[in-house]
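Novice: Here you go, sequence then predicted model.
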Amino acid sequence: MRFTIATYNIHKGFSHLTRKVVIHELKDRLHGLSADILFLQEVQGVHRRHARRYHNWPGKPQHEFIADTVWHEVAYGRNAVYQHGHHGNAVLSHYPIVAQANLDISAHAFESRGLLHCVLQLKRGLPALHCINVHLGLFERGRRWQVHALCERIREAVPQGAPLIVAGDFNDWRRKADRALQEELGVTEVFEAARGRPARTFPAVLPVFRLDRIYSRGLSIVSTAVHYAYPLARLSDHAALAATFDLERVVRAPSR
């Protein structure tokens, strides 16, 4: 079975440098990616002050607004909570989300981070797909602890043979987390496998750093894509990544 996933830090629905609300344009562009599963970071669940200030602020949480009638299954993990609302990670899916858990992996009190683990049933007769959406911290010491927590979660909650995708904003510009994940979990960074190195995604206008990643295990990589193009590059400070996988080719036993 072939399916496509995409990951994107949506910057709480604001443009680069938080100049204007672009959640409506962003929604249209995300629909245009034709992804079966979306991993979104910095999703605004509620912000009462923005709702009063901006006339075009959506009347529902951003993950529900983006999902609309395209993705019928939605999971949201609230990470940062403050006076006017909260934000976190979200997974939007065409396929049933049969289980979900949101883990607090904040390394310190000044930076709230989370790990959203969803289990999806793509098709009857195929193993469940484990999807983990992450947004790691800005400081390397904290990221080391967060990567350890991510590895522990996978060892405890994901069967060794189960298909797995870990995607999101890793803030890992020195690639130390990248090496740790590949060595400890046996995952593959899909852009490195397909193109020789992870994709440049930040800042979106002139990408230099390879902060956003897609890792997989137990899946065949069919294709990869980086979405820099105008106007998507102006909708957030990150570029969007997409990858297409084949599940059946890996999990089916060869005929004799």
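Specialist: Good, I have the coordinates.
Novice: From now on I want contacts and neighbour counts done on CA atoms only, so please keep to that.
Specialist: Fine.
Novice: Give me the neighbour count for Ile66.
Specialist: Ile66: 20 surrounding residues under other C-alpha atoms under 10 Å.
Novice: Quick one: low-confidence residue ranges for the stretch 101-250 of the chain.
Specialist: For the stretch 101-250 of the chain, the stretches flagged by pLDDT under 70 are 229-234, 249-250.
Novice: quick one, strands of it?
Specialist: Ranges of strands within the stretch 101-250 of the chain are 114-120, 129-135, 164-169, 188-189, 212-217, 220-227, 240-246, based on DSSP state E, counting those that start in this stretch.
Novice: tell me, what residue is most central in this protein?
Specialist: In the chain, the centroid-proximal residue (C-alpha atoms, centre = their mean) is Phe39; its distance is 3.0 Å.
Novice: So it: helix, strand or coil?
Specialist: strand (DSSP: H, G, I helix; E, B strand; the rest coil).
Novice: from what I can see Met1 touches Leu247, true?
Specialist: Yes. The pair Met1 and Leu247 passes the contact test of C-alpha atoms under 8 Å, sitting 5.2 Å apart.
Novice: Between the two, which is the more surrounded one?
Specialist: Between Met1 and Leu247, Leu247 has the larger neighbour count (other C-alpha under 10 Å), namely 20 against 11.
Novice: So that one sits against Leu219, correct?
Specialist: Yes. With contacts counted by C-alpha under 8 Å, Leu247 reaches Leu219, the gap being 5.4 Å.
Novice: Next, show the common contact partners of the two.
Specialist: Pro163 (C-alpha atoms under 8 Å, 6 or more residues apart in numbering).
Novice: Helices along the chain, start to end?
Specialist: Taking DSSP state H to define them, one finds helices in the chain at 23-32, 48-53, 62-67, 140-157, 176-185, 190-195, 248-251.
Novice: Residues in contact with the second one: which ones?
Specialist: Contact partners of helix 48-53, identified using C-alpha under 8 Å, 6+ apart, comprise Trp57, Pro58, Gly59, His84, Gly85.
Novice: Among those, which one sits closest to Arg210?
Specialist: Gly85 (29.9 Å; C-alpha to C-alpha).
Novice: Can you name the residues that contact the closest one?
Specialist: Shown in contact with Gly85 (C-alpha under 8 Å, 6+ apart): Gly45, Val46, His47, Arg48.
Novice: ok, back up a step: buried deepest among the helices of the chain, which one?
Specialist: Per-stretch averages of neighbours, counted by mean count of other C-alpha atoms under 10 Å, single out helix 62-67 among the helices of the chain, with a mean of 20.
Novice: Mind giving me the packing neighbours of it?
Specialist: The contact analysis (3 or more C-alpha pairs under 8 Å, 6 or more residues apart in numbering; DSSP states H and E) places helix 62-67 against helix 23-32, strand 37-47, strand 73-82, strand 85-93.
Novice: partner strands of the third one, parallel or antiparallel?
Specialist: Listed by DSSP bridges, the sheet partners of strand 73-82 and their directions read strand 85-93 (antiparallel).
Novice: buried set for stretch 202-214?
Specialist: Of the residues in stretch 202-214, Phe202, Pro203, Ala204, Val205, Pro207, Phe209, Arg210, Leu211, Asp212, Arg213, Ile214 count as buried by neighbour count, 16 or more other C-alpha atoms under 10 Å.
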